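1. Sequence and predicted structure are below.
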Amino acid sequence: MKTELRHIGLFVAIIGVGLCAGHTKLYRFFSTNIACNGTETCIDTEAEVIVNNTPDKPLPENNDDDKSDALTTETEEETKAPDAPTAAPADYSKSINSEIADLSTEQFDDKSKSASVVKLVDKGVEFLKKNGTVKAFHTFASNKDFVVGELYLFVFDTQGVCLCHGQDNSLIWKNLWDLKSIYGDLIVQQIIREGLTPSNNGWTSYEWRGATKVSYVKQVTQGDKIYIVGAGYYPHSKSSSVQNLVKSAVELFNFSIKNKQSPTEVFSAMGYPLGRFIQGDLYLYALSFDGVHVAHGDIPGLIGTNGLNYRDANGKLVNQEIIKRLKEKASGGIWVEYMSKNAPKKTYAQKVVDETGKEYFIACGFYPTANRRKVVELVKRGYQYMKGNGKTQAAKMFSRTNDFLYGDLCLAVYDLKGLCIAHGCNPDIVGTSRWDAQDDAGEYYVREMINESQNGPTWIDYKSRNSFKATYVERISLGTDEYIISCGIFPLSKFEKMYLLARSGIDYLKNNQEEKAYESFVDPSSKFCRGDLFVFAIDSNGVCFSYGPEQRDLIWRNLLSMKDDTGKQFVKTIINHTSRGAGTITYTLHGMKYLMYAEPVQKNDSTVIVGSGYFL
């Protein structure tokens, strides 16, 4: 789907992204009931506010004396907008793309978030010791003093029974001892093991609802029982995803060997190109300590070859360094940095040992500087080369040399009928038609690139290799012939994942009935719930249609009077802000800043604002 600007119409709904998996419920701030009569007027029966369903101008903000700037995007323009919606400035879409590029390179503040997690767990442990289980578990689930932004407490006994899980009461009393992630590792056993015998200072990471979760856990003794108290967060960063892929593979390897499976079977699962251990441009590879490749998720042809003497562009013997450092390390993993395909690469590796004592390492890497700006630069450079040297020479350079590679970024060229002219990442498809090529969601992404690039350079979003992908596309004319040059990137930062999840919600709502979309938005197993991110829908009057899988009680409630920590009616701010088109919005909830991206989309003669957000 194309990143573009649309003005808001007379009928507006809002879709955004919030937090899932039992996180903070917004009705802490405001709760109401809605009664609608046949004149399309809804009455907020609790707050006694009558809301007409046909507003013709932005809603007025509350006029509290509080002058806090916590709602960083609230401006005088928003509260004094024209009587009828107007088109945004012509360069507004360009400025939004620039803003997205800036935010996509910002790194999530792991240090600050992990400190908040430790503080919350320590507070919970002390409260449990002082007040006992009944009062503590009830308080953890119902008192906002034990909710910080998206952070909440969970408690397990040593048998795997869940006794508290934030506000997700559906998990209480369930025995989750055998709960497995999509990678096959036993999540709760891992949590309990780290709580009882810390091997990483109480920290553990695992896959939870489609995303990597990093948790801090502590044990507490009450009488003759031991409890594991913890809290966690979702970094949604490339480095955390890399570590979790490797750690999950190590857990699976150790479990499989313990259950008498051969190493070959396990490595086969890790290296399967379309398998669960593939996430966009992330894949696993494994070598024995004598250098033989035993798994490779990107280039299966390397299996059986020896990579012991592989050198990077600077002459570093990368695999030898990994093996040497792992031999010196008693447990855990290591990071190695080197150059690959014209870009710096960071790889995380851990050691495993089979039943015969043979040693291997399992690894995964990423390119930390391969971002959206690099994507645009590469396409611009390819455009100039193709203009100056022609199609044939450009196709050779793009497909057969490393000159137009930057890490996993490469150039692809198609004619306007979908014929692949060049492809730096997959030269095998050169000369084939990609007109009918579909992404993971069944969308014809090459057709979309061709169609959407008619009006100038653009970004197209789709799903590939179990991940969202953003592709920059530009048209080029050579004589009477036209082509498109493209370069794609998988999300590097939490902002990018949030943004692409919102874009996925836009596309799904466009192509499906509203009822089907809202059903998917509240399904915890759907693609619209990824760790602490979910899709929500609110109309222009503040009526909620969906707000993630754990907050169905908000559906049909009017949220207009909902206030953030500063007293601002932030739902009104969201509605008013998006009247100018796409943009980012910041407000404060539960003591933390919340960043949201939102944009308007036409749906059935009304305008829908689609967005996404997370706690900073």
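-> Done, it's in. Numbers count the residues shown, from 1 in each chain.
2. going forward, measure contacts between C-alpha atoms and count neighbours the same way
-> Fine.
3. In a helix, A437, correct?
-> No - assigned with DSSP: H, G, I helix; E, B strand; the rest coil, A437 falls outside any helix and is coil.
4. Give me the spatial nearest neighbour of it, chain neighbours excluded.
-> Y444 (5.8 Å; CA to CA, 6 or more residues apart in numbering).
5. do I575 as well
-> S540 (6.4 Å).
6. just checking, what packs against the host helix or strand of V446?
-> Element membership of V446, judged by DSSP states H and E, is helix 445-452. If contacts are counted by 3 or more CA pairs under 8 Å, 6 or more residues apart in numbering; DSSP states H and E, helix 445-452 sits against strand 458-464.
7. Contacts for the strand it packs on next, please.
-> 1-3, 280, 439-441, 443, 445, 448-449, 452, 468-474, 500, 503-504 (CA atoms under 8 Å, 6 or more residues apart in numbering).
8. Go through the protein and flag its longest helix.
-> Looking across the chain with DSSP state H, the single longest helix is helix 110-142.
9. same for that helix, what does it pack against?
-> strand 162-165, strand 211-222, strand 225-233.
10. weakest of those in terms of mean pLDDT?
-> Across the helices and strands packed on helix 110-142, strand 211-222 has the smallest mean pLDDT, namely a mean of 93.
11. Just the buried positions in it, please.
-> A211, T212, K213, V214, S215, Y216, V217, K218, Q219, V220 (16 or more other CA atoms under 10 Å).
12. And I609, how close does it get to K144?
-> 29 Å (CA to CA, to the nearest Å).
13. shouldn't the residue nearest to A437 be in contact with N451?
-> No - checked against CA atoms under 8 Å, the pair Y444 and N451 is beyond contact range at 10.8 Å.
14. Tell me which stretches of this structure form helices.
-> Along the chain, counting by DSSP H, helices occupy 76-79, 92-104, 110-142, 187-196, 238-258, 263-271, 318-328, 372-400, 445-452, 494-511, 514-521, 570-577.
15. Could you give the average pLDDT over the longest one?
-> If I follow you right, that is helix 110-142. Mean predicted confidence for helix 110-142 is 94.
16. what angle separates it from strand 211-222?
-> Interaxial angle, helix 110-142 versus strand 211-222 (axes from the mean of the first three to the mean of the last three CA atoms, to 10 degrees): 60 degrees.
17. picking that back up, figure out which of the helices and strands packed on helix 110-142 is closest to P457.
-> strand 211-222 (31.5 Å; CA to CA).
18. which outside residues touch the closest one?
-> Residues from elsewhere that reach strand 211-222 (CA under 8 Å, 6+ apart): 117-118, 121, 125, 128-129, 132-133, 191, 194-196, 202-207, 226-236, 240-241, 244, 530-531.
19. Can you select the buried ones from those residues in ChimeraX?
-> Of those, the buried ones go into a single ChimeraX selection, burial set by 16+ other CA under 10 Å:
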select :117,118,121,125,128,191,194,195,196,202,203,204,205,206,207,226,227,228,229,230,231,232,233,234,235,236,240,241,244,530,531
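20. Show me the shaky parts of the chain.
-> The model of the chain has pLDDT under 70 over residues 1-108, 273-275.
21. quick check: domain ranges of it?
-> Following automatic domain parsing, the chain resolves into domains at 12-108+494-615, 110-233, 238-366, 372-489.
22. ok, so what distance separates S237 from A412?
-> 26 Å.
23. Of these two, which one has the most company?
-> Set side by side, S237 and A412 show more neighbours around A412, with 25 against 20, by other CA atoms under 10 Å.
24. Would you agree E150 is in contact with F615?
-> Yes - E150 lies in contact with F615 (CA under 8 Å); the separation is 6.6 Å.
25. Which residue is the nearest non-sequential neighbour of the residue nearest the centre of the chain?
-> For the chain, the residue nearest the mean C-alpha position is K497 (3.3 Å; CA atoms, centre = their mean). Counting by CA to CA, 6+ apart, K497 lies nearest to P491, which is 5.7 Å off, once chain neighbours are set aside.
26. which residues does C529 contact?
-> So C529 contacts C20, R209, G210, F521, D523, V535, G548, P549 (CA under 8 Å, 6+ apart).
27. my guess is the fifth one contacts E550, does it?
-> Spelled out, that is D523. No - applying CA under 8 Å, one finds D523 not in contact with E550, separated by 9.1 Å.
28. how distant is stretch 121-130 from the center of its chain?
-> Its chain's average C-alpha position is 31 Å from that of stretch 121-130, according to CA atoms, centre = their mean, to the nearest Å.
29. cool, and stretch 129-139?
-> 34 Å.
30. contacts for that stretch?
-> G124, F127, L128, F146, L163, C164, V220, T221, Q222.
31. dump the residue contacts of the third one.
-> Translated: L128. K135, A136, F137, V220.
32. Burial check on the first one, number of neighbours?
-> Spelled out, that is K135. By other CA under 10 Å, the burial measure for K135, its neighbour count, is 12.
33. Look up how far A141 lies from it.
-> 10 Å.
34. quick one, which of the helices and strands packed on helix 110-142 is nearest to H423?
-> strand 211-222 (30.2 Å).
35. Describe which strands the closest one pairs with in its sheet and in which direction.
-> strand 203-208 (antiparallel), strand 225-233 (antiparallel) (DSSP bridges).
36. For these, give me TSV that also has distance to K391.
-> Shown next, in TSV, are the strands paired with strand 211-222 (distance: least, CA to CA, whole Å):
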stretch	distance to K391
strand 203-208	45
strand 225-233	48
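37. Take the helices of the chain and lay them out in JSON lines including distance to P427.
-> What follows is the helices of the chain, written out as JSON lines (distance: least, CA to CA, whole Å):
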{"stretch": "helix 76-79", "distance to P427": "50"}
{"stretch": "helix 92-104", "distance to P427": "28"}
{"stretch": "helix 110-142", "distance to P427": "38"}
{"stretch": "helix 187-196", "distance to P427": "40"}
{"stretch": "helix 238-258", "distance to P427": "26"}
{"stretch": "helix 263-271", "distance to P427": "21"}
{"stretch": "helix 318-328", "distance to P427": "26"}
{"stretch": "helix 372-400", "distance to P427": "6"}
{"stretch": "helix 445-452", "distance to P427": "16"}
{"stretch": "helix 494-511", "distance to P427": "27"}
{"stretch": "helix 514-521", "distance to P427": "37"}
{"stretch": "helix 570-577", "distance to P427": "45"}
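38. No further questions, thank you.
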